[in-house]
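Novice: need coordinates for the below:
(chains A and B)
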Amino acid sequence: MSTIEIRDVSVHIMHAEILSGVSLDVASGEWLALIGPNGAGKTTILRVIAGLTPFDGTIRLDGADVARMTAKQRARTVAIVPQRPVLPPPMTVFEYVLLGRTPYIRYFDTETANDLAVARDALARLDIAPFADRQLGSLSGGEQQRVVLARALAQQAPILLLDEGTSALDIGSQQQVLELVEDMRLSDGFTVVSAMHDLTLAGQFAHTLALISRGRVIIVGGPDEVLTVEMIREHYGAEVRVMQDGEGLVVSPVRAARVRR
Amino acid sequence: MATITAAEQLHAIPALRARKRIGWLAAGVLCVAGAAVLGLFVGPVHLAPVDVFKKLISVLPFVRDTSHLTATQEAILMQLRLPRVVLAGLVGATLSFSGAAYQGAFRNPLADPYLLGAAAGAGLGATMVIVFTHAATASNLIPVAAFAGALVAVALAYAMGRAGGAGRTATSLVLAGIAVMSFLTAVQTYLQQRKSDTLREVYGWILGRLSTAGWHDVLLILPYITIGGAVILAHRRLLDVLALGDEEADALGVNTRRVRLIVVIAASLSTAAAVAVSGLIGFVGIIVPHIIRLIAGTSYRVILPLCFAFGAAFLILADLLGRTMIAPAELPIGVVTAFFGAPFFAIVLRNSRKMI
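Specialist: Numbers count the residues shown, from 1 in each chain, chains lettered A, B, ... in the order given. The predicted structure follows:
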């Protein structure tokens, strides 16, 4: 279980301001979804939490300043599932998942029996044990996504960052992956931060949504507060209907011409 | 019939992989042994296998020499064939594991030990000695100049690759290597053309040769190759992590720049030592690691140890062909490695269903 405190974080890349004074809090075991249009800075927020991009400001993970953590300490605290993970086609599923144990292995050492057991457990929990020996290049998109999650699970880091990992998947696979993340959150107490494009899924899975636009946090709150027609029109430039159903909000795009009529 | 559950299958994987690995290593050791035996027995002077064996084991402590070799035969075995086989094995192993290390460090299947300009630098060093010094001193100076040239070229490429804005990426290093390689090759060609009477000698060196191999060559390169090989082997797990790309490897707590620098230094040092005594033997550093990938898997834990064995065997056999095919003349070993290696690689590539 781990909390995340982001205080007044700014990121400049080649003189361009990518993030500006971002402050966010994520409680232990909570799921925060970062939403916003393309280029808003969602991925950069995930990258600064993971220590992959230099920043000004302060980020604390469970009270510890991320800037003072060693690379290994950070990797034991934060697991990131990137937007387009590198899946070397010839590598086997088991070899790939085992790489999740890297932060626990000393420089010249090799995996212990415990590392192998953790990797095996991750495969079994994500139902990919039967193809442990298959090459990554032979897997479908949905299977690959499970394998990437299994690697993150094997990393045993209390904070899980997901970068729009489901956007290339079909609707069924998207749901399955998010349900798996929810299961992992509930059983292992992960704190989850995910950058998401699908607003309906974001509203249904995350406890809190943060709308990011042009490198700034516009609003943080529950789905009812953030997913409004006005907010989405202003920041996405999109016309939508927001409907309430039994499971939560449904955000449905509407053709702009029809709305005007 | 008993059915195997998914969990049982999964449990069996690491053990299975370890067994496979040991099997391949045993095959590699047998290959080296077989190639070395052929390299020692085949030649214009017949040596009785029993006597060769007795002579070889007599170098061990407390073992008496009971062979019936004449003094000449003994000299042929111990001063000509044995150092040549050992040197071919060492150079083959070095080029293979250095090639694999470069491919891993740069995540580039086309990388070879000469990627950052080691060959061009060594070529320029050797050419300068051949062109500017007397023939009598040249043979002693060539290895030193080639070694220094290779290291200077790699250092230049590394410095240039890091100097750029995005200079820490593998791609910028590769591009810097191409620039250095082109520049040094141009200088080398210019020098070579200025003194066309040395063309044959320069060309002979560039195509690779082991014909003058002696124990002094073996002793000269052994420390570099031992240290370089040990360092690369120690990084085999981290080279597997680099396969995920710098960013994901960084996210797993690996200092990718440091790992790449150490591996490149070790591979370049070993390659420089190898080319210093053998000239520029091409193709080994690409073909051997890829054949191993196709038949035994893509993890560097498998590839690197097998590169030592199969690389050594490959070059011992190539050298054997080079010195016997058109005897008493010799084919340059670089020609043999490409002429026989390329079709063999094509066959393996065609018959393999694995991805590399």
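
Novice: ok, residue 227 - contacts?
Specialist: Here I'm looking at chain A. Neighbour list for A:L227: A:L199, A:A202, A:G203, A:L209, A:V242, A:L249, A:V251 [criterion: Cβ atoms under 8 Å, 6 or more residues apart in numbering or on different chains]. C-beta: built from backbone N, CA, C; applies to glycine.

Novice: let me rephrase: I mean chain B.
Specialist: B:A266, B:L269.

Novice: that one and B:G28, how far apart?
Specialist: 22 Å (Cβ to Cβ, to the nearest Å).

Novice: cool, and A:R146?
Specialist: In terms of Cβ to Cβ, A:R146 sits 36 Å off from B:G28.

Novice: quick check, nearest of the contacts of A:L227 to chain B?
Specialist: Each of these was scored against chain B by Cβ to the nearest Cβ, and A:A202 proved nearest at 23.2 Å.

Novice: report pLDDT for the closest one.
Specialist: What the model reports for A:A202 is a pLDDT of 91.

Novice: just checking, it touches A:L209?
Specialist: Yes. Using Cβ atoms under 8 Å, A:A202 makes contact with A:L209 at a distance of 6.0 Å.

Novice: now do the shared contacts for these two.
Specialist: Residues touching both A:A202 and A:L209 (Cβ under 8 Å, 6+ apart): A:A33, A:I35, A:P223, A:L227.

Novice: and the pLDDT at the third one?
Specialist: When you say that, I think you mean A:P223. For A:P223, the predicted pLDDT is 90.

Novice: one more: the last one?
Specialist: According to the per-residue confidence, A:L227 scores 90 in pLDDT.

Novice: the first one too?
Specialist: Here, the pLDDT recorded for A:A33 equals 95.

Novice: how near is it to B:I57?
Specialist: Counting by Cβ to Cβ, the gap from A:A33 to B:I57 is 72 Å.

Novice: the more surrounded of these two?
Specialist: A count of neighbours by other Cβ atoms under 10 Å in any protein chain shown puts A:A33 above the other of A:A33 and B:I57, at 26 against 13.

Novice: hang on, that one packs against A:Q204?
Specialist: No. The criterion here is Cβ under 8 Å, and A:A33 misses it with A:Q204 at 9.8 Å.

Novice: quick check: closest non-adjacent residue to B:L306.
Specialist: Of all residues not flanking B:L306 in the chain, B:I292 sits nearest, at 4.7 Å (Cβ to Cβ, 6 or more residues apart in numbering or on different chains).

Novice: can you count the residues close to that neighbour?
Specialist: B:I292, neighbours per other Cβ under 10 Å, totals 26.

Novice: please apply the same query to A:E95.
Specialist: For A:E95, the neighbour count with other Cβ under 10 Å is 23.

Novice: give me the phi and psi for B:G43.
Specialist: Main-chain torsions, B:G43, degrees, to the nearest 10: phi 170, psi 170.

Novice: that one and B:I76 touch, don't they?
Specialist: Yes. At 7.4 Å, B:G43 counts as touching B:I76 under the criterion of Cβ under 8 Å.

Novice: and the stretch 151-261 of chain A, which residues reach chain B?
Specialist: A:Q155 (Cβ under 8 Å from any Cβ of the partner chain).

Novice: for chain B, give me its nearest residue in the stretch 151-261 of chain A.
Specialist: Residue of the stretch 151-261 of chain A nearest chain B, by Cβ to the nearest Cβ: A:Q155 (7.4 Å).
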